[in-house]
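Engineer: let me see the structure of the following:
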Amino acid sequence: MHVTAVKETLLKEQPWLAGALVRAFDESKELAYRRAANARLLPLAWFGAHWEDEQKLFAGDAWPNGLGELNRKNLQTAIDYSFDQGLMRTRPQLEDLFSPASRGAS
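Structural biologist: Sure thing, here's the model as predicted:
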């Protein structure tokens, strides 16, 4: 749904940054999931039933981070469209767009 980009020069200066961002996003998502599990905090009458269906359908995580299997097709499609529409001069490999610290994310 969203992409976070960090300049390569910044990652060279601060090699810990990519891993820290991945951990922060994963922690934020976990907090949001915990909040969503409490139906009293949400103003939607039938949210609980929909939430359970979504959890089953997406094996507990509808918004995986990183270069996991579930994201590869979507990311490759975005690259292909960007290249075909002239927004990119080259068609990069997915792995080249992710720092090693974020490739194994959920």
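Engineer: use CA for all of it now, contacts and neighbours both
Structural biologist: OK.
Engineer: hmm, who's touching stretch 53-61?
Structural biologist: Contacts of stretch 53-61 with the rest of the structure, by CA atoms under 8 Å, 6 or more residues apart in numbering, involve residue 62.
Engineer: so how far is residue 29 from the residue nearest the centre of the chain?
Structural biologist: Among the residues of the chain, the one closest to the centroid is residue 65, at 2.9 Å (CA atoms, centre = their mean). Distance, residue 65 to residue 29, by CA to CA, to the nearest Å: 9 Å.
Engineer: how about residue 4, phi and psi?
Structural biologist: Note on residue 4: backbone dihedrals following degrees, to the nearest 10 are phi -110, psi 130.
Engineer: where does pLDDT dip in this protein?
Structural biologist: By pLDDT under 70, the low-scoring segments of the chain are 1, 102-106.
Engineer: centroid-wise, who is the farthest residue in it?
Structural biologist: The chain, farthest from centre, CA atoms, centre = their mean: residue 45 at 27.9 Å.
Engineer: scan the chain for its longest helix.
Structural biologist: For the chain, the helix with the greatest residue count under DSSP state H is helix 17-36.
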